[in-house]
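J.: the following comprises the amino acid sequence and a computationally predicted model.
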Amino acid sequence: MSGPTAFFNRTYDETMALLIEARNYIAYNETADQRGLPPQVRLQVSYESLRVTSRLTQVMAWLLAQKAVHAGELTTQQVAGDEYALSGGDVCTDPSGPDNEDLPAGLRSLLERSHKLYMRVERLDEQVRRAVA
């Protein structure tokens, strides 16, 4: 297995594991974690859960495009275009959440790890675009 492919596979596996963990949190723990919380904190929990989901789906879409390049299905020039760019903007790059003690610990952990992953992939996206330019 070549270096770049191995790297993308590890990042893909990390992203998939976080997606499954986030799905499980939302499906099985989020409601219980929200019991007894004030309405504004429950709203914040929902908002932050969506932020985690947005980050991870954006990263997964970007990684799938990169896998398509490695498989010869797309060209590097194609994935360097806006159609395959990592998106999410300010919502995904905002690092807030993990330090909010009002939020459940599981969600804070997902927020922190999804942010680190998103920022790492954002740097990779920039590298891919510079290499093609």
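T.: That came in fine, so what should we check first?
J.: may I have the helix or strand containing residue 32 as CSV, with CA atoms only?
T.: In this structure, residue 32 sits in helix 30-34 according to DSSP states H and E. Taking Å, rounded to 0.1, in the frame of the first residue of the first chain, the C-alpha atoms of helix 30-34 are listed here in CSV:
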residue,chain,number,x,y,z
GLU,A,30,-28.4,12.6,23.4
THR,A,31,-32.0,12.5,24.7
ALA,A,32,-30.9,11.1,28.0
ASP,A,33,-28.1,13.7,28.3
GLN,A,34,-30.6,16.5,27.7
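J.: so how far is residue 120 from the nearest residue to residue 112 once chain neighbours are set aside?
T.: Residue nearest to residue 112 in three dimensions, not counting chain neighbours: residue 98, with 4.0 Å by Cβ to Cβ, 6 or more residues apart in numbering. For glycine as for every other residue, the C-beta is placed from the backbone atoms N, C-alpha and C. Here residue 98 is placed at a distance of 16 Å from residue 120 (Cβ to Cβ, to the nearest Å).
J.: ok, back up a step: in the helix holding residue 32, what's buried?
T.: For helix 30-34, a neighbour-count test (16 or more other Cβ atoms under 10 Å) marks 30, 33-34 as buried.
J.: and for stretch 66-75?
T.: Here stretch 66-75 shows 66, 69, 74 as buried, counting by 16+ other Cβ under 10 Å.
J.: what distance separates the start and the end of that stretch?
T.: 9 Å (Cα to Cα, to the nearest Å).
J.: before we move on, what about stretch 25-45?
T.: Termini of stretch 25-45 sit 11 Å apart (Cα to Cα).
J.: now it: average pLDDT?
T.: On average, the pLDDT along stretch 25-45 is 93.
J.: quick one: residues in contact with that stretch.
T.: Stretch 25-45 is contacted from outside by 49, 53, 100, 102-104, 106-107, 110, using Cβ atoms under 8 Å, 6 or more residues apart in numbering.
J.: good, we can wrap up now.
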